[in-house]
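Peer 1: Below is the sequence, then the predicted model.
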Amino acid sequence: MGSSFRARMHRVKTSQIVLAVSSSPGLLAQVCAVMIAETLLMLAQPWPVRAIIDRVVAVSASVQPMGEKGLWDFILASVAKSFHSGDFHFIYKWIGVLLVIYMANAVLLYRQNIALARLGQRVVLRVRKSLFSQMIALPHGFFEKAETGDLTSRISKDTADAQDILESSITILVRSIPTVIGILIVCFTLDWIYALTFLFVIPFVYWINVVFTRRTKKEVSCQRRIEGSMASNVQEALYYHKAIATLSMEQDVVEDVVECSREIALHGVQAGRFQGLLTAWLDLLVGGTSLLVLLVGVLRIMHGCLTVGQLMVFLSYLNSLFKPIREISKFTGRIAKSAAAIERIEEIARLNPAEIGAAELPDAVEAPAFRGAIEFRGVCFGYDPSLPVIEGLDLKVPAGRKIAVVGESGSGKSTILQLLMRLYDPQKGKVMIDGTDIRTLTLTSLRQQMAVVLQDSFIFNATIAENIAIARPGASDGEVVEAARAAMADEFIRKLPRGYDTRAGEGGAALSGGQKRRIAIARAFLRDAPIIILDEPTTGLDAISERQVTEALRRLGTGRTTVAITHQLATASDADLIVVLSRGRIVESGNPEELLKRDGAYRRLWETQTAAGGETEPAPEVLSQG
């Protein structure tokens, strides 16, 4: 996202991760309980060893050496003593306790992995659902400026990283930090002077973590930003593959992707270098601290302040202390990498739709059934407010009538449709249906009463039947077939390899332009909406397909309010009203017969197209004269 979007963010109090975790309190409690139990078992583990070592040291002073005997003699002597010596009973008892601790820890570790995986997947699902719901509901203006590949990366890759940051955070907060605190408390209780040696490593570990984690996060953030840009380039290259092939741009596209990949690799290597330095410094600190603890421990024993068993407890705790410290180091690195992804998720979550464009108002109401009377009253609009596209537009369309809007490219024709569908809101004026400002209506109830046929028919990679049925979810097979017949599409659909069950392919690759247009018209029939919106519905079609589409559109518009945008005047010939637009203003209007009688912009446009043999793209200067 660019800085222009960040400037339009508004703060939210609760992170998406926190919201997702709070939706599964039972699993979270289970994970925490298991980790706490693991910590307690780890703290208990050295004490049986201490009891055994101290007992053995005390007993060994009065035991006669066995001398040079074989393995078999050693085994027999040990078995014989185990039945008669209380010392052996003591040892076996504590070994049994240790065995129970190890078995319990194994079970808890298994339960932890299962519960943590389930919680992580639930969080990813919740975050992904929340993010995509927020994203898909953003105003259309957001997607005009955003990079599709970057948004896709946020949905697929960044949300998956939510599991990493969740597991890392829980491990550090619930197991690693409590383990360190617990070890220090026990050690200070045993021998506070000796325990001071444990504190030597902690400030250094903290400082090293802060320094290298910050640098790692910076590199990963750059890496993710470039990855999003590369994903957009790849997606664009695949979508426009035909253009790239015909223009022989394959090598240029590959070089762009390779260059992005090089930058990603450089940042990845830098992040790995900082992670390596972090690990190396921690290992060095661990080794130095181990030597210091061993030296001080031996001196404490020599001064009679410590037993060998207590030294074993301290050494065991030292080893256990390094595990959570390493975990903190490891998971802090993972958090640094995942934090960049979480920031990208939160960036979308904090976007305020109302500050971006046409968003649903908090007090919006459900739209009543429309009759279809449309009015633009004093409408002014520009995609950039300083550069108006529509200026002072006043236009009324009675219910059930057809209006055609014609004009040169860039005159604002398609903008009128986008304002009517409320993809954008005017900066001034109102767009009304049946006398109601459409901004007061919910977006869904408004758009559900409009059927749209665009130049790009937006065919999805699904079956033909499914592509038609999306206009009205739950429609029966019979209703789908009836809509296809009305759109004059049934005949060609039945000739397809699997009829209505034939997959259209990505972008409708299996269909011709005319076939895709008739599928779109079938959707409009199935929707049965009171308002029909047509945007260049016959552009780019051959003569036969154009006649078929025109006839289907004539049937579709019967008894419905129709707003058609077109360059081709033949498509507008049956309109009740034709509006000629130039530079965002209406320069002429009337029915086709009236306009042809005038020596105005419409007539000059008609003569230009007739002279050009039916060309639909008139010279811009023709209309500007009006």
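Peer 2: Nice, I can see it.
Peer 1: low-scoring stretches of the stretch 451-600 of the chain, by residue?
Peer 2: 540 (pLDDT under 70).
Peer 1: Please, where are all the helices along it?
Peer 2: Along the stretch 451-600 of the chain, counting by DSSP state H, counting those that start in this stretch, helices occupy 464-469, 477-486, 490-494, 513-527, 543-557, 592-597.
Peer 1: would you turn those helices into CSV with mean neighbour count and distance to residue 368?
Peer 2: For the C-beta atoms, the positions are set from N, CA and C on the backbone; glycine is no exception. Listed next are those as CSV, based on neighbours: other CB atoms under 10 Å; distance: least, CB to CB, whole Å:
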stretch, mean neighbour count, distance to residue 368
helix 464-469, 22, 26
helix 477-486, 18, 24
helix 490-494, 17, 34
helix 513-527, 24, 17
helix 543-557, 17, 22
helix 592-597, 15, 33
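Peer 1: Please tabulate those in TSV, including the columns distance to residue 425.
Peer 2: Formatted as TSV, the helices of the stretch 451-600 of the chain follow (distance: least, CB to CB, whole Å):
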stretch	distance to residue 425
helix 464-469	30
helix 477-486	32
helix 490-494	39
helix 513-527	24
helix 543-557	27
helix 592-597	31
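Peer 1: Counting by contacts, list what the top helix by length along the chain packs against.
Peer 2: If you go by DSSP state H, the chain has its longest helix at helix 250-302. Using 3 or more CB pairs under 8 Å, 6 or more residues apart in numbering; DSSP states H and E, the elements in contact with helix 250-302 are helix 192-195, helix 201-239, helix 308-349.
Peer 1: same thing but 10 Å
Peer 2: Packing contacts for helix 250-302, counted by 3 or more CB pairs under 10 Å, 6 or more residues apart in numbering; DSSP states H and E, involve helix 192-195, helix 201-239, helix 241-246, helix 308-349.
Peer 1: How about the shortest one, which residues are buried there?
Peer 2: So that's helix 192-195. Within helix 192-195, the residues that count as buried by 16 or more other CB atoms under 10 Å are 194-195.
Peer 1: Flag the shaky bits of the stretch 101-250 of the chain, pLDDT-wise.
Peer 2: Checking the stretch 101-250 of the chain against pLDDT under 70 turns up 239-243, 246-248.
Peer 1: Centre-most residue in this structure?
Peer 2: residue 155 (1.7 Å; CA atoms, centre = their mean).
Peer 1: quick one: contacts for it?
Peer 2: 127-128, 131-132, 135-136, 345, 348 (CB atoms under 10 Å, 6 or more residues apart in numbering).
Peer 1: Dump those to a markdown table, plus distance to residue 317, secondary structure and neighbour count.
Peer 2: Output for the contacts of residue 155, formatted as a markdown table (distance: CB to CB, whole Å; DSSP: H, G, I helix; E, B strand; the rest coil; neighbours: other CB atoms under 10 Å):
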| residue | distance to residue 317 | secondary structure | neighbour count |
| --- | --- | --- | --- |
| 127 | 38 | helix | 27 |
| 128 | 42 | helix | 20 |
| 131 | 43 | helix | 22 |
| 132 | 47 | helix | 15 |
| 135 | 49 | helix | 17 |
| 136 | 53 | helix | 10 |
| 345 | 39 | helix | 23 |
| 348 | 45 | helix | 23 |
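Peer 1: nearest spatial neighbour of residue 511, skipping sequence neighbours?
Peer 2: residue 504 (5.9 Å; CB to CB, 6 or more residues apart in numbering).
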